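S.K.: Test case, fold it:
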Amino acid sequence: FTARNVITSISEPHRYDELHLPWSTAVQLLDLHITNKLFKLGYTPNQAMQFIRECTRRYDPLMRKIFDELLSESPLGGLPVIFQRNPTLARGSAQLLRITKIKDDVADNTVSLSVLVLVGFNADFDGDALNMLLILDRAMYDGLSRMAPHLTTFDVNAPRRISGNLKMPVPIAATIDNWLSF
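M.R.: As a prediction, the model looks like this:
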């Protein structure tokens, strides 16, 4: 229930805690969930394994339907994961995020995330790879819920101070400055 991918930014409207997962990673990460769905459709264990193996590197409409069901069934509006960058140990280097989309382009092997959570990971888009752990049940989610990105707003070492995790990425600040200057 783990994966590791290079990161890219989400370029469409989104919430700051969203992740967009590549197709092949989703097939691997959600293997058990997919198998369960296939069993309910009447697949045998061998048929399910064969179908999953074939869908790892190619788009399939049934697999797309299964992905959509898995995402819609989550009460959180997406599948929760802990997303983390090694070897940093700073606060915010591991965050609770949600998988809200699985990309259809099987050639795209990157996880897309919001630029608003990059500072905690000490990441940028020059080839950084981050890892994730799929949260499997409510008890695990409750235990890890304190790792949500919005809970890194305040500095734990200085009362009433904002932490360094809220820095505005330079391209965004420059774009805002350009708009305000005209």
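
S.K.: Mind jotting down where the helices sit in this structure?
M.R.: 23-29, 31-40, 45-55, 61-73, 118-121, 138-144, 170-181 (DSSP state H).

S.K.: With just CA atoms, put the shortest one into CSV.
M.R.: Meaning helix 118-121. Below are the C-alpha coordinates for helix 118-121, written out as CSV (Å, rounded to 0.1, in the frame of the first residue of the first chain):
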residue,chain,number,x,y,z
LEU,A,118,5.4,22.2,-1.4
VAL,A,119,7.2,24.2,1.2
GLY,A,120,6.6,21.6,4.0
PHE,A,121,8.1,18.9,1.7
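
S.K.: Can I get the helices of the chain in a markdown table including mean neighbour count, distance to residue 90 and mean pLDDT?
M.R.: Using the backbone N, CA and C atoms, a C-beta is placed for each residue, glycine as well. Listed next are those as a markdown table, based on neighbours: other Cβ atoms under 10 Å; distance: least, Cβ to Cβ, whole Å; pLDDT from 0 to 100:
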| stretch | mean neighbour count | distance to residue 90 | mean pLDDT |
| --- | --- | --- | --- |
| helix 23-29 | 21 | 25 | 96 |
| helix 31-40 | 16 | 32 | 97 |
| helix 45-55 | 14 | 37 | 97 |
| helix 61-73 | 15 | 30 | 97 |
| helix 118-121 | 22 | 7 | 82 |
| helix 138-144 | 12 | 17 | 93 |
| helix 170-181 | 9 | 20 | 73 |
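
S.K.: Would you tell me which of those gets closest to residue 16?
M.R.: Counting by Cβ to Cβ, residue 16 lies closest to helix 118-121 out of the helices of the chain; the figure is 10.3 Å.

S.K.: So which of the helices of the chain is nearest residue 95?
M.R.: Residue 95 sits nearest to helix 118-121 of all those, at 6.0 Å, using Cβ to Cβ.

S.K.: Can you give the distance from that closest one to the centre of its chain?
M.R.: Computed by Cα atoms, centre = their mean, to the nearest Å, the chain-centroid distance of helix 118-121 equals 14 Å.

S.K.: before we move on, back to that, including distance to residue 6, could the helices of the chain go into JSON lines?
M.R.: Listed next are the helices of the chain as JSON lines, based on distance: least, Cβ to Cβ, whole Å:
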{"stretch": "helix 23-29", "distance to residue 6": "11"}
{"stretch": "helix 31-40", "distance to residue 6": "21"}
{"stretch": "helix 45-55", "distance to residue 6": "22"}
{"stretch": "helix 61-73", "distance to residue 6": "21"}
{"stretch": "helix 118-121", "distance to residue 6": "13"}
{"stretch": "helix 138-144", "distance to residue 6": "24"}
{"stretch": "helix 170-181", "distance to residue 6": "19"}
